[in-house]
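S.K.: The sequence and its predicted three-dimensional model are supplied below.
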Protein chains: 2
Amino acid sequence: MSSNYGPAFEPIEWHRNRVRILDQTLLPGDVRYIETDDYRVVADAIRRLAVRGAPLIGIAAAYGVALAAARGESATDAAETLRATRPTAVNLGWALERVLAASDVAGEAILIHDEQRAADLRTGELGAELIADGATVLTHCNTGSLATGGIGSALGVIKMAHRQGKRVHVLADETRPLLQGARLTAWELHQEGIPFEIIVDGAAAGLIAGGDVQAVFVGADRIAANGDTANKVGTYGVALASHAHDVPFYVVAPVSTIDARTATGDAIVIEDRGEDEVLSFAGARSAPGGAVARNPAFDVTPAHLISAIVTERGVLRGPFGGAIAELSAREAALR
Amino acid sequence: MSSNYGPAFEPIEWHRNRVRILDQTLLPGDVRYIETDDYRVVADAIRRLAVRGAPLIGIAAAYGVALAAARGESATDAAETLRATRPTAVNLGWALERVLAASDVAGEAILIHDEQRAADLRTGELGAELIADGATVLTHCNTGSLATGGIGSALGVIKMAHRQGKRVHVLADETRPLLQGARLTAWELHQEGIPFEIIVDGAAAGLIAGGDVQAVFVGADRIAANGDTANKVGTYGVALASHAHDVPFYVVAPVSTIDARTATGDAIVIEDRGEDEVLSFAGARSAPGGAVARNPAFDVTPAHLISAIVTERGVLRGPFGGAIAELSAREAALR
């Protein structure tokens, strides 16, 4: 199941009209899979973040519609349910549009997955050129295999640099509230044998100021037409610190993450998630009774703080408007 | 024990040659006290953060020396042990110097505690003028009674504004790794009846960008001669976001936190604490086996990001060098 340049595990797999989803909420303690032929189970897995990461959400949703089609259920109904699971990642709607327009739904879903694997490898090669031998790079959230189904976006770039023989050290933001950095990125880095340290999110700015970081690589959930980028909450603060200390700040994402129909970051809907993610952890309540929380899942980094956007079709430099428009037109012409 | 303008609980108390310390590591779940006549137990409580907050560390250390004196042990030895507990907070050394120079050690320690209570009230009044009716203010870590022994520094300002009848809403950074915001600040705000929401540290920048915050109030562990301020890790990122969006960023601290002998923030020693604080969350391990962490407990906010430093002797505006030199000279003349 794993190859030299594939993930060491499969976060999602299609097999004989069933999907098998690695339940990411249980990692790193437990490696357990959800197997189903019901798109509703897939929708639930997306909703509760058992499967997450913008590109992987798109793949999971595509497989969900394929399950509906295989059982003779309405693909449109399935797509509607799947589309409503999470509002911020644009890849979700993009993948649903592709499978709904296809005659062979399952074939199209598998193609989306395969294309993502290939895109990750190409993106990794392009991005790895931005990492110097001996560099310490900082990353936020999880943008590895567990986020894309390939080798990853931002983390894929780091893996590729490592596989090319560059010495690279990673500072991984733990990424509250759900600790995708401490749980998932650390798990992937450990498997790859890449040296890393986990830090609390609040430590990133001080370490960047102290000269401990040579480059920052993050993923994206939606990139607006001007380059403004929605990503996991906490990303914007890292971008501000990078900018203040002239550390390059790179967004790494497949072209499917670009939403040319959204003009700027102001128009991106930010998902508010439940209070419990903030008030407790692993079932243990940390806040006092009566406490309430606010839990925006994403924030928007304005384009002027982004040094480059690395995609499978090339490395875009700011101002991004022209390059994004050109890329989107080219993508549309390819379909 | 509590009065209208005192804390609703006592984080530390001196009674007949014994001290009683509220064990803050167990809050908010458990309200339990450590009672001792041994300065070594006090030193241990400081080391493991059962008692914390720069001013309160100073008070605890002063009581520690008083315990040694009461048992006929060497005050100098006790002071040495207590001084070595934590490197960043300057109030620790300041309080130890005061009790070592005093003939009545216990009397001097009680005086330091009483002076802090009075200073907090005065600081609270001065700082409350900076809060508009209806404002949402953001704070980081815990700077309340649990940090000073009075009503608090930054949180004392917020309490004072509330007691004056202003409507104030608080966004409390949870403050990883030890969650002093989610555990301690939330506990104090709940007791005071001040409306608040807990947020993850990474959410602060996005909420500030969104216009949801009218002012930021934080404490300090050490303020250098030029105004550079060491405070709980994560503070610097909040300062950068405040600056980027023209939100006033206030440091609130007693004059004893100013270290005129340290020229700039570069010279402040930042305490590195153990990995376990990062690798676990609320007692449960979150990171995979083999993961390592880096855990700087503080960061430094440069003076140019600070709108004002609020002390019991007045509100200082930048550039701070002159005002701090004058204040330090006046304090030295008073002793």
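M.R.: On my side now, so go ahead.

S.K.: check which helix or strand covers A:A106.
M.R.: If you go by DSSP states H and E, A:A106 is part of helix A:105-128.

S.K.: Can I get the helix or strand following that helix in CSV? Just the C-alpha atoms.
M.R.: Going down the chain from helix A:105-128, the next helix or strand is strand A:135-139, by DSSP H and E. C-alpha atoms of strand A:135-139 as CSV (Å, rounded to 0.1, in the frame of the first residue of the first chain):
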residue,chain,number,x,y,z
ALA,A,135,17.1,25.1,7.4
THR,A,136,14.6,25.1,10.2
VAL,A,137,11.1,25.5,8.9
LEU,A,138,7.9,26.2,10.8
THR,A,139,4.5,24.8,9.9
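
S.K.: if we can go back for a sec, return the list of helices and strands in contact with the helix holding A:A106.
M.R.: Identification of packing neighbours for helix A:105-128 by 3 or more CB pairs under 8 Å, 6 or more residues apart in numbering or on different chains; DSSP states H and E yields strand A:12-15, helix A:54-70, helix A:91-100, helix A:154-163, strand A:249-252, strand A:308-311, strand A:314-317. For the C-beta atoms, the positions are set from N, CA and C on the backbone; glycine is no exception.

S.K.: Serialize the ones you listed to a markdown table and add fields for distance to chain B.
M.R.: Formatted as a markdown table, those follow (distance: least, CB to the nearest CB, whole Å):
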| stretch | distance to chain B |
| --- | --- |
| strand A:12-15 | 21 |
| helix A:54-70 | 18 |
| helix A:91-100 | 21 |
| helix A:154-163 | 15 |
| strand A:249-252 | 13 |
| strand A:308-311 | 20 |
| strand A:314-317 | 22 |
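
S.K.: For A:R20, grab phi and psi.
M.R.: Main-chain dihedrals, A:R20, degrees, to the nearest 10: phi -120, psi 120.

S.K.: quick revisit: do you know which of the helices and strands packed on helix A:105-128 lies nearest B:G58?
M.R.: strand A:249-252 (39.7 Å; CB to CB).

S.K.: residues making contact with that closest one?
M.R.: Residues outside strand A:249-252 that contact it (CB atoms under 8 Å, 6 or more residues apart in numbering or on different chains): A:123, A:127, A:130, A:143, A:153-154, A:156-157, A:215-220, A:223, A:229, A:231, A:238-239, A:242-243, A:301, A:305-311.

S.K.: That one pairs with which strands?
M.R.: Sheet partners assigned to strand A:249-252 using DSSP bridges are listed as strand A:215-218 (parallel), strand A:308-311 (parallel).

S.K.: Quick check: what element follows that strand along the chain?
M.R.: With DSSP H and E, the next secondary element past strand A:249-252 is strand A:258-259.

S.K.: With distance to A:F196 added, can I get the strands paired with strand A:249-252 in CSV?
M.R.: Shown next, in CSV, are the strands paired with strand A:249-252 (distance: least, CB to CB, whole Å):
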stretch, distance to A:F196
strand A:215-218, 13
strand A:308-311, 20
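
S.K.: coming back round to it: and the helices and strands packed on helix A:105-128: which comes nearest B:G321?
M.R.: Closest among the helices and strands packed on helix A:105-128, using CB to CB: strand A:249-252, at 32.4 Å.

S.K.: backbone phi and psi for the nearest residue to A:K232 once chain neighbours are set aside, please?
M.R.: Computed as CB to CB, 6 or more residues apart in numbering or on different chains, the closest residue to A:K232 that is not its neighbour in sequence is A:C141, at 3.8 Å. A:C141 adopts backbone torsions of phi 60, psi -160, taken as degrees, to the nearest 10.

S.K.: count of residues packed around A:C141?
M.R.: For A:C141, the neighbour count with other CB atoms under 10 Å in any protein chain shown is 31.

S.K.: What pLDDT does the model give A:G283?
M.R.: pLDDT recorded at A:G283 is 72.

S.K.: A:G202 belongs to a strand?
M.R.: No: per DSSP: H, G, I helix; E, B strand; the rest coil, A:G202 lies outside any strand segment and is helix.

S.K.: Next up, the contacts around the residue lying closest to it once chain neighbours are set aside.
M.R.: In space, and not counting its chain neighbours, A:G202 is closest to B:G234: 2.5 Å by CB to CB, 6+ apart. Each residue near B:G234 by CB under 8 Å, 6+ apart is listed here: A:200-203, A:205, B:140-141, B:173, B:175-176, B:201, B:299.

S.K.: Which of these sits closest to B:E108?
M.R.: The closest of the contacts of B:G234, once distances to B:E108 are taken by CB to CB, is B:C141, at 28.1 Å.

S.K.: Please look at A:F217 and A:T139 and confirm they touch.
M.R.: Yes: A:F217 lies in contact with A:T139 (CB atoms under 8 Å); the separation is 5.3 Å.

S.K.: Who has more neighbours out of the two?
M.R.: Neighbours were counted for A:F217 and for A:T139 using other CB under 10 Å; A:T139 has more, 30 against 26.

S.K.: Could you give the bridge partners of that one?
M.R.: A:A172, A:F217.

S.K.: so where's the stretch 1-150 of chain A shaky on pLDDT?
M.R.: Residue ranges of the stretch 1-150 of chain A with pLDDT under 70: A:1-8.

S.K.: could you list every residue that touches A:S286?
M.R.: So A:S286 contacts A:279-280, B:174, B:179, B:182-183, B:281-282 (CB under 8 Å, 6+ apart).

S.K.: same thing but at 7 Å, please
M.R.: A:279-280, B:179, B:182-183, B:282 (CB atoms under 7 Å, 6 or more residues apart in numbering or on different chains).

S.K.: Among those, which ones are in helices?
M.R.: Secondary structure from DSSP state H places A:L279 of those in helices.

S.K.: Which one of the contacts of A:S286 is nearest to A:N295?
M.R.: Closest approach to A:N295 among those (CB to CB): A:L279, at 9.1 Å.
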